[in-house]
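okay, structure incoming, though there's no sequence with it:
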């Protein structure tokens, strides 16, 4: 706990210093002096670095945690970024998942200036996420580390129609659509370089997956010869972006994640079961009990009764179950995923020749 508290204080110090960057940049420009890479006298305000602009060697270690199945599914390599808290300097490396230099069996080592640093390691699937700000961080020591993020792009109308056969407004009106995420590995750490021991400092990370996979199930009671051919769903109120400095998300720009559900083997002539899953960067709930805001699952149901076909719509508020599942925990500046899988039963609906019903509430009428 003390280590976490210390790290959060380091992040707070870093954020405060980053907020004053624009003023410092203007001052440097007026004085026609570049602040990048200039070896002036230096005293770190942190807890372990000596005075001066000496250098230290660091090495990288990764402590991978087993999941519930007793396995780890870590990627082959990680990106590491590091920013000094005082007289900011930025570093970037690619490292294998066991701390080796890529393409060799030699431990990865790097030489850095003395000082106290915030660091983060991450693996972001490039075919799913867009990494924002990394080039700026690498090229400009005034670029704030907290602006390095990974985001899920908004899905266009044509892609949504091609992949799922639905329009965005068929799954609730409030949010733009994003697709399924993939596991995104991340760890934050801190290190003080310059102990004077002459040995390489070990920068250790404990990566965790910043995504959660939702498994959804739903059943339909079929009467009057009704049948269900397909079910498409959307979970509303999921974050679209995550900080690669802290691993945190917030509720400032929420989206909805769309996925298909497939019929389950236990379906009979009188009951049709469907199941599907979607992976997100978390999920928020408004706490409201009605069908609005975050925490609602929207369903598009293609059904038939005799020669009549109909597309039916309904929604289920799962806000209390999102909150009760403790998927995320609140941090100092946002929220962080702490559970990577949740199963949610959406209940049983009845489809007959007149309507689609959930409990005693008629949701949509059947038009003959």
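Thanks, I have the structure now. Bear in mind that the values here come from a model prediction, so they are computed numbers and not experimental data.

going by C-alpha atoms from here, please, whenever you check contacts or count neighbours.
OK.

so where do the helices sit in the stretch 101-250 of the chain?
Counting by DSSP state H, counting those that start in this stretch, the stretch 101-250 of the chain has helices at residues 134-139, 157-164.

in the last one, what's buried?
Judged by neighbour count (16 or more other Cα atoms under 10 Å), helix 157-164 contains these buried residues: residue 160.

can you give the distance of it from its chain's centre?
Distance, stretch centre to chain centre, for helix 157-164: 23 Å (Cα atoms, centre = their mean, to the nearest Å).

for the first one, same thing?
Taking Cα atoms, centre = their mean, one finds the center of helix 134-139 at 21 Å from the center of the full chain.

packing partners of it?
strand 90-96 (3 or more Cα pairs under 8 Å, 6 or more residues apart in numbering; DSSP states H and E).

just the buried residues of stretch 82-98, please?
Residues of stretch 82-98 classed as buried by neighbour count (16+ other Cα under 10 Å): 82-92, 94-98.

middle-most residue in this protein, spatially?
Taking Cα atoms, centre = their mean, the centroid of the chain lies closest to residue 281, which sits 3.2 Å from it.

C-terminal to the worst-scoring helix or strand of the chain on mean pLDDT, what's the next element?
Least confident element among the helices and strands of the chain, by mean pLDDT, DSSP states H and E: helix 21-30 (a mean of 38). Downstream of helix 21-30, the first helix or strand assigned by DSSP states H and E is strand 55-62.

where does the stretch 201-350 of the chain dip in pLDDT?
289 (pLDDT under 70).

what's near enough to touch residue 167?
Residues in contact with residue 167 (Cα atoms under 8 Å, 6 or more residues apart in numbering) are 157, 160-161.

in a markdown table: those residues, plus pLDDT and distance to residue 140.
Putting those into a markdown table (pLDDT from 0 to 100; distance: Cα to Cα, whole Å) gives the following:
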| residue | pLDDT | distance to residue 140 |
| --- | --- | --- |
| 157 | 94 | 37 |
| 160 | 96 | 38 |
| 161 | 96 | 41 |
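
list just the nearest of the residues you listed to residue 122.
Distance to residue 122 across the contacts of residue 167 (Cα to Cα) is lowest for residue 160, with 29.1 Å.

which one of the contacts of residue 167 is nearest to residue 75?
Closest approach to residue 75 among these (Cα to Cα): residue 160, at 29.1 Å.

and the residue nearest to the residue nearest to the centre of the chain when sequence neighbours are not counted, how many neighbours?
Leaving aside its sequence neighbours, residue 281 sits nearest to residue 211 (Cα to Cα, 6 or more residues apart in numbering; 4.6 Å). Residue 211 has 24 neighbours, counted by other Cα atoms under 10 Å.

how about the one 10 residues further on?
For residue 221, the number of neighbouring residues by other Cα under 10 Å comes to 20.

thought it was touching residue 274?
No. In this structure, residue 221 is not within contact of residue 274 by Cα atoms under 8 Å, at 11.8 Å.

picking that back up, hang on, the residue nearest to residue 281 packs against residue 342?
No. Using Cα under 8 Å as the test, residue 211 is too far from residue 342 to be in contact (11.2 Å).
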